[in-house]
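# coordinates only, sequence not included:
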């Protein structure tokens, strides 16, 4: 359970509290020959609790530390693996043996050589102990992690595990130095304050409450990279001040979610300003309303369908979210693998139909409490709009406001009728989607589990089979899951969220992978 | 000079009274003029004032009618102002009266208790109370009452202290009247004038407190209030000033009117002081 919990927490925190990062355009942006030099100023919100990526994986930490630490793989915008610390890889025909060839000539920031021992220590020992997401995969799916020679690592899984090749993203499985951490108390290791990785940038300074400074790693293994001399990650506590910091030229990049979404449209009109929605393909944040199906009428499928027809989701996207995002068709984001809208029930805004369904469901006018999500006014406005939508079809809803700890506590204890939530999907339904629907994840204590307590043995079975089925069989299983859940509506999906990244147009190649500015900036340059 | 004549000699008080009457009229007429909920999204978002005849004050970020919000907001503001003042009086008057009349240890205890509340910054205390109880109209009324009663208690105690030594009180004691009856029938009626003046000012400060709480997002999320409207429109001040401006103006006018009326009442109920001021 804790796996799901943590995934959720990481996802949730990343997004919400801070509004995580986002990125620039994916493909174009090249325009010209990369030029060396210069300093890049970015806004990151909020200030992270630490920079040791193996121990902390929230959004702000990742945005900074993915320049310091690296993982075996990176992922392009279609979620295909690209080399990082792994130069190449082979997968056995039965999809259970993965052999990674490592880059040669890699050194840690303290000058010590990097090798297969570090990879085995990181994946088999360190991360297995401290990383909530990797631990789940390592303990349940992986049979062995072995060093074949100094530059070759072999990982064998117990069965084919579809998402395995997506599991080596920078924050999901960062490689950390064995010579510093082996045999120590990981969380108390003084090196956590001066992180040492293999990445393109080195840690230089952290002025608390102000900024983190990184400088170029002259000994970086990828010759000719990085292009920047310095990176500054600025911490500015108020959203309006962050927008002003960009307007006045103090910062070059506003990472996704760091300013209110309606400010993005305003900033986009400034000269030399580029906005992109790219760089979120891996996370694909999916927003929904969770109905607590154990609470009276909310357990009634017709009533849930009535709510779905009653909500004007296009209005939410166009007015509340200033046109950013996409209205989803089901549990899996169109950015995530195995998305399908084939044969799913589609819900268009239809108050008349909603009224009929409300009547058919036997709803007697009881008040339904909506626990609003305390992540800023956009969510508050959305709750107000939905309340009016419900009012139109005769559903009585009352908004209950709370703060972040209150929301976490109430949702973790299933103490709500309806609430907003949004979670990362991590590229594969087995990692980021199933957790919100399967019966085994109905556990108190985690606001990002299956808190609506939906339980359907058929859905459980399909998710379980799909996770370990050979790749070619998985689509059918997930298509079926999407058809069943779109009819059942365990959650009322509202929006595939966009977190646009705002940046100066002369900052090139800012977003080139599926995690955008959450990835290393080794290819970024200033014109 | 009659009460009315003394009141109307203060021109500011008359102006305040007129404004107050308009606000009360708006509150009363709101459900008649705007039978539809002020939360309803009736038109295009960000419609500027006077662009569309139907929405003279424009619409907000979701296309809700600002005029409707102003009228319905008047109801909530006045309601919260009056009820929370009543609750504060219900706490402060008895406590002050008993402390002042009984004296001794009871007085000491009551006054130290009052000071405990007075030493805590009232707005901070109100925020804490509302945050703990979850924002709702009852928790807001309670919070406002809890932070505004101490001055009432002190005022009443002071008045009672000076009244209890009067001859007619001694006479009542000699006649064998019971203490509660003496306080209720002989003393409190004579403290009504300053309490009324204070209450009118307390309504004003209660409206201000409620607006501040709503502005910070600690209002009842199901009630349209002026403070909520200012808070919700605040981030759009650059491109849609009217969303915050009109409710802000309403708050200013309401508080100003209540203060002017309070001053007028003070003059009317306390002719000697009024004479001093007019000089």
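Happy to help now that I have it. None of these values were measured; they are calculated from a predicted model.

# what kind of secondary structure is the residue in the stretch 151-279 of chain B that chain A sits nearest to in?
Among all residues of the stretch 151-279 of chain B, residue B:221 sits closest to chain A, at 3.9 Å; criterion: Cβ to the nearest Cβ. In this view, the C-beta of every residue, glycine as well, is placed from N, C-alpha and C. Here residue B:221 is recorded as coil under DSSP: H, G, I helix; E, B strand; the rest coil.

# skip the chain neighbours and tell me the closest residue to it.
Counting by Cβ to Cβ, 6 or more residues apart in numbering or on different chains, residue B:221 lies nearest to residue A:399, which is 3.9 Å off, once chain neighbours are set aside.

# mind listing the residues bridging to the one you found?
According to DSSP bridges, the residues that bridge with residue A:399 are residue A:370.

# and residue A:46, what pLDDT?
Note on residue A:46: pLDDT of 84.

# let me redo that: residue A:187
In the prediction, the pLDDT value recorded for residue A:187 is 90.

# next: residue A:241.
89.

# how many residues are close by the residue of the stretch 151-279 of chain B closest to chain A?
Other residues within reach of residue B:221, judged by other Cβ atoms under 10 Å in any protein chain shown, total 22.

# isn't it up against residue A:381?
No - using Cβ atoms under 8 Å, residue B:221 is not in contact with residue A:381; the gap is 11.1 Å.

# for burial, what's the neighbour tally of residue B:123?
Number of residues near residue B:123 (other Cβ under 10 Å) recorded here: 15.

# if I look at the closest residue to chain B within chain A, how far off is residue B:222?
Proximity of chain A to chain B (Cβ to the nearest Cβ) peaks at residue A:399, 3.9 Å away. The gap separating residue A:399 from residue B:222 is 6 Å, by Cβ to Cβ, to the nearest Å.

# where does the chain have low pLDDT?
Here I'm looking at chain A. Applying pLDDT under 70 to chain A flags residues A:1-31.

# um, chain B though
Using pLDDT under 70, the flagged stretches of chain B are B:1, B:271-279.

# in it, which spans are strands?
With DSSP state E as the criterion, chain B has no strands.

# how about the residues of it near chain A?
Residues of chain B found near chain A (Cβ under 8 Å from any Cβ of the partner chain) are B:37, B:39-41, B:45, B:61-63, B:131, B:134-135, B:217-218, B:221-222, B:232, B:235-236, B:238-239.

# counting neighbours, which of the residues you listed end up buried?
For the residues of chain B next to chain A, a burial check counting by 16 or more other Cβ atoms under 10 Å in any protein chain shown picks out B:39-41, B:45, B:61-63, B:131, B:134-135, B:217-218, B:221-222, B:232, B:235-236.

# helix/strand/coil for residue A:270?
Three-state assignment for residue A:270 (three-state DSSP): coil.

# which residues touch it?
residue A:247 (Cβ atoms under 8 Å, 6 or more residues apart in numbering or on different chains).

# phi and psi next, for it.
Main-chain dihedrals, residue A:270, degrees, to the nearest 10: phi -70, psi 150.

# would you mind measuring from it to residue A:288?
Relative to residue A:288, and taking Cβ to Cβ, residue A:270 is found at 33 Å.

# now residue B:185
For residue B:185, the distance to residue A:288 equals 64 Å [Cβ to Cβ].

# neighbour-wise, which of these two wins?
residue A:288 (21 against 11).

# now do the contacts for that one.
Residue A:288 touches A:420, A:421, A:422, A:491, A:492, A:493, A:494, counting by Cβ under 8 Å, 6+ apart.

# check contacts around the last one.
If I follow you right, that is residue A:494. When contacts are counted by Cβ under 8 Å, 6+ apart, residue A:494 touches A:287, A:288, A:289, A:311, A:313, A:316, A:327, A:328, A:382, A:420.

# touching, residue A:526 and residue A:507? I think so.
Yes - with contact defined as Cβ under 8 Å, residue A:526 reaches residue A:507; the gap is 5.8 Å.

# so between those two, which is more surrounded?
Remark: of residue A:526 and residue A:507, residue A:507 carries more neighbours, 24 against 18, as counted by other Cβ under 10 Å.

# tell me the contacts of the residue nearest to the more buried one when sequence neighbours are not counted?
Closest residue in space to residue A:507, ignoring its immediate chain neighbours: residue A:252 at 5.4 Å, by Cβ to Cβ, 6+ apart. Remark: with contacts taken as Cβ under 8 Å, 6+ apart, residue A:252 is in contact with A:40, A:41, A:42, A:503, A:504, A:507, A:526.

# one more: residue A:73?
By Cβ under 8 Å, 6+ apart, the residues touching residue A:73 are A:81, A:82, A:83, A:84, A:86, A:89, A:165, A:168, A:169.
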